[in-house]
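> Have a look at this fold, sequence not included:
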């Protein structure tokens with residue numbers, strides 16, 4: 001493989017069949033744009049120069065994926081793949097090789113591209129081809145005595161040529177200097193009226209250059225996205241591959257067809273994941289973690305032995321070992337749960353630290369709070385952390401017991417070992433070891449009549 005490698009990614013198309021104002025290459029697959037997937041693979045090849053050709057949407061694409069290692073080349077008019085690569089030429093190193101990729105073909109494996117580069121060496125033109133049972137719509141590889149002589153597009157092909165099942169994926173690699181010469185000779189005298197990159201194959205043959213081919217191991221590696229349906233189909237392929245990879249290293253995926261990873265999921269030993277779970281960003285699950293059905297975890301670390309019950313949502317939080325969370329719990333950003341914490345059904349925790357052994361089991365909101373060890377917070381408890389302008393903190397020290405239906409009006413501190421009676425509205429600090437409560441005197445009004453409907 002040559003040490004000098006240009007990579008050109010064609011990403012200028014509108015994607016008419018997407019029926020969207022968003023440029024096609026920015027549509028998400030597994031939580032990342034289509035072009036983002038291609039860029040990640042391209043970077044793994046360590047190119048000398050990385051150039052993306054953009055067009056539809058103007059600066060929307062460069063703004064979305066701006067990076068120091070990317071050279072952006074604008075194709076103001078979309079006049080074909082050959083014309084697109086021409087826009088990149090002034091930015092390329094004329095020595096070495098140039099690899100052309102596509103911003104809407106997101107699943108090509110690194111190993112496949114490495115094999116293509118190896119076939120090309122330092123002086124051949126190499127094409128990634130595949131055999132499709134139904135080659136409709138693709139350019140066909142025309143061979144003579146087994147050797148590639150040209151590529152013919154579907155609309156320009158004869159009946160005999162349309163019967164060819166070996167298709168051109170569009171991904172090629174060629175000597176940079178030669179490619180520049182061939183591109184300068186392109187004509188748009190064809191059914192589409194476009195400048196085809198594929199016409200360079202016949203030019204290379206005419207120049208006596210050997211045409212090499214390589215093939216992907218899987219058909220889905222070269223599938224592009226031209227519609228929302230195709231996007232959904234590639235999403236399922238990606239997710240199925242990810243699930244199989246996790247299962248292959250010991251994670252128990254209850255149903256691989258019902259898993260969505262939109263980022264990176266790292267699992268320890270004996271992790272169990274039930275159906276319809278979504279993992280976004282970077283999620284790490286320790287040994288023996290169990291995730292119930294229909295959970296959503298985003299940028300979360302969960303330590304060993306923790307059980308997360310169904311319908312729980314956790315975002316930007318850290319969960320300690322042997323915790324019990326849910327069902328129907330919401331853990332919001334900035335939250336840290338220490339070991340053996342229990343967060344129960346219909347409980348919301350936001351920007352709070354819950355120490356080991358503490359429990360918030362039912363129908364409560366704890367926000368902007370520091371909760372000590374072995375605290376019990378009763379059902380219906382609320383930390384009133386917002387005064388309409390500013391957030392204030394509640395401190396609940398070790399060993400506190402808070403009765404049901406309590407409001408803690410921050411800033412307030414409940415000192416160590418205190419007990420707060422049910423129904424209390426706490427507006428001042430509660431002393432350590434004492435019972436604090438606030439209630440109106442219970443009354444019964446004799447003879448009172450409930451209103452009746454008129």
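That came through, no problem. Because the structure is a prediction, the values reported are computed rather than measured.

> Show me what the mean pLDDT comes to for the helix or strand containing residue 301.
Assigned by DSSP states H and E, residue 301 falls within strand 296-302. Here strand 296-302 scores 98 as its mean pLDDT.

> For the following helix or strand past that strand, which strands pair with it and how are they oriented?
Using DSSP H and E, the helix or strand that follows strand 296-302 towards the C-terminus is strand 307-308. In the sheet, strand 307-308 lines up against strand 290-291 (parallel), strand 324-325 (parallel) (DSSP bridges).

> picking that back up, who does the strand holding residue 301 touch, helix- and strand-wise?
The contact analysis (3 or more CB pairs under 8 Å, 6 or more residues apart in numbering; DSSP states H and E) places strand 296-302 against strand 277-285, strand 313-319. All C-beta atoms are positioned from the backbone trio N, CA, C, and that covers glycine.

> Could you dump the strands paired with strand 307-308 into JSON lines and include mean neighbour count and distance to residue 57?
Putting the strands paired with strand 307-308 into JSON lines (neighbours: other CB atoms under 10 Å; distance: least, CB to CB, whole Å) gives the following:
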{"stretch": "strand 290-291", "mean neighbour count": "22", "distance to residue 57": "38"}
{"stretch": "strand 324-325", "mean neighbour count": "22", "distance to residue 57": "42"}
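
> now the strand holding residue 301 and strand 277-285, what's the angle there?
Angle, strand 296-302 to strand 277-285, by axes from the mean of the first three to the mean of the last three CA atoms, to 10 degrees: 10 degrees.

> quick revisit: now the strands paired with strand 307-308 in CSV, with distance to residue 426?
Below are the strands paired with strand 307-308 laid out as CSV (distance: least, CB to CB, whole Å):
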stretch, distance to residue 426
strand 290-291, 36
strand 324-325, 26
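
> nearest to residue 422, of these?
For residue 422, the closest of those is strand 324-325, at 23.5 Å, according to CB to CB.

> would you turn the strands paired with strand 307-308 into a markdown table with mean pLDDT and distance to residue 139?
As requested, the strands paired with strand 307-308 are exported to a markdown table (pLDDT from 0 to 100; distance: least, CB to CB, whole Å):
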| stretch | mean pLDDT | distance to residue 139 |
| --- | --- | --- |
| strand 290-291 | 98 | 45 |
| strand 324-325 | 98 | 53 |
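
> returning to that earlier point: turn the helices and strands packed on strand 296-302 into TSV, columns for distance to residue 345.
Output for the helices and strands packed on strand 296-302, formatted as TSV (distance: least, CB to CB, whole Å):
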stretch	distance to residue 345
strand 277-285	18
strand 313-319	13
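
> Tell me which of those strands sits nearest to residue 87.
Closest to residue 87 of the helices and strands packed on strand 296-302 is strand 277-285 (CB to CB; 34.5 Å).

> So in the protein, which helix runs the longest?
Identified as the longest helix of the chain according to DSSP state H is helix 228-248.

> average pLDDT across stretch 76-87?
On average, stretch 76-87 scores 93.

> And for stretch 41-48?
In the prediction, stretch 41-48 has an average pLDDT of 97.

> Now do the buried residues in that stretch.
In terms of neighbour count (16 or more other CB atoms under 10 Å), stretch 41-48 has its buried residues at 41-42, 45, 47-48.

> next one: stretch 81-92
Result for stretch 81-92 [16+ other CB under 10 Å]: buried residues 81-89, 92.

> Show me these that map onto helices.
Short answer: the buried residues of stretch 81-92 in helices (DSSP H) are 81-88.

> Columns distance to residue 162 on top of those residues, output as a markdown table?
As requested, those are arranged in a markdown table below (distance: CB to CB, whole Å):
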| residue | distance to residue 162 |
| --- | --- |
| 81 | 20 |
| 82 | 22 |
| 83 | 25 |
| 84 | 25 |
| 85 | 26 |
| 86 | 28 |
| 87 | 31 |
| 88 | 31 |
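
> What's the first helix or strand after the helix or strand where residue 150 lies?
Assigned by DSSP H and E, residue 150 belongs to strand 147-152. Sequence order places helix 159-162 as the next helix or strand after strand 147-152, per DSSP H and E.

> residues of that following helix that come out buried?
Buried residues in helix 159-162 (16+ other CB under 10 Å): residue 161.

> what does stretch 232-248 give?
Under the neighbour-count criterion of 16+ other CB under 10 Å, stretch 232-248 has 234-235, 237-239, 241-243, 246 buried.

> again with stretch 386-400
For stretch 386-400, the neighbour count (16+ other CB under 10 Å) marks 393-400 as buried.

> Now do that stretch: everything it contacts.
Residues from elsewhere that reach stretch 386-400 (CB atoms under 8 Å, 6 or more residues apart in numbering): 355, 366-377, 383, 385, 402, 408, 410-420, 432.

> Kindly report the same for stretch 64-73.
The contact list for stretch 64-73, computed with CB under 8 Å, 6+ apart, reads 26, 33, 35-36, 39, 43, 49-54, 62, 87-88, 90-91.

> of the residues you listed, buried ones?
Buried, going by 16+ other CB under 10 Å: 26, 33, 35-36, 39, 49-54, 62, 87-88, out of these.
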